[in-house]
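Q: my questions concern the predicted model and sequence given below.
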Amino acid sequence: MKYTAAVITISDKGARGERVDTSGPAVRAMLEEAGFDVQYTGMVPDEMEQIKAELIKCADELKLALVMTTGGTGFSQRDITPEATLAVIERETRGIPEAMRYYSLQITPRGCLSRSVAGIRGKTLIVNLPGSEKAARENLAAVIDPIGHGMDMLFSDGSTDHAHHHHHH
């Protein structure tokens, strides 16, 4: 099954047109390569209400299966993507950011500074990626395959995980 997806870039400078977004297109290309149908891309500033509104639109109105955000996951005062994400999800999926940080830490000790979160709202999985194109690519590469399996479970009828017995690539 081909799952729908969105890529949301969260950046004050990007939203003001002061910086060309390379992370969003890179994430989109990787998702498409992995078989996702990217139906929506967006760009919002680092503003709590705007990020929340964008995430809710993708999940509740557009009913997209996967929403990847890029940006706003660091330590600066304006980095609030994780808080906005936590405010709209219903169930956390902590293993995804754990895996991303585990992978990042093999590359740089600064991987521990990523505040990315992930979780489920209805039938939408929302995952935060870092803002830098390099880090966004690395983080997504670390989890893209298991995310596909997660989508299968999210969209299967039963709550048991018998889905993985007939999982094929």
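A: Everything's here; your move. Residues are numbered from 1 along each chain as shown.
Q: quick check: which ranges of the protein have low pLDDT?
A: 158-169 (pLDDT under 70).
Q: which residues in it form strands?
A: Taking DSSP state E, the strands of the chain run over residues 4-10, 37-44, 66-70, 91-92, 118-121, 124-129.
Q: pick the most deeply packed of these.
A: Between these, strand 66-70 has the highest mean count of neighbours, a mean of 29, where neighbours are mean count of other CB atoms under 10 Å. C-beta coordinates here come from the backbone N, C-alpha and C atoms, glycine included.
Q: stretch 119-129: end-to-end distance?
A: Length of stretch 119-129, first residue to last, CA to CA, to the nearest Å: 13 Å.
Q: count of neighbours near Ile107?
A: 11 (other CB atoms under 10 Å).
Q: the nearest residue to it once chain neighbours are set aside and Pro45, how far apart?
A: Nearest non-adjacent residue to Ile107, counting by CB to CB, 6 or more residues apart in numbering: Glu138, 6.4 Å away. To Pro45, Glu138 is 25 Å away according to CB to CB, to the nearest Å.
Q: next: Gly71.
A: 10 Å.
Q: then Ala5?
A: 22 Å.
Q: I'm done for today, thanks for sticking with me.
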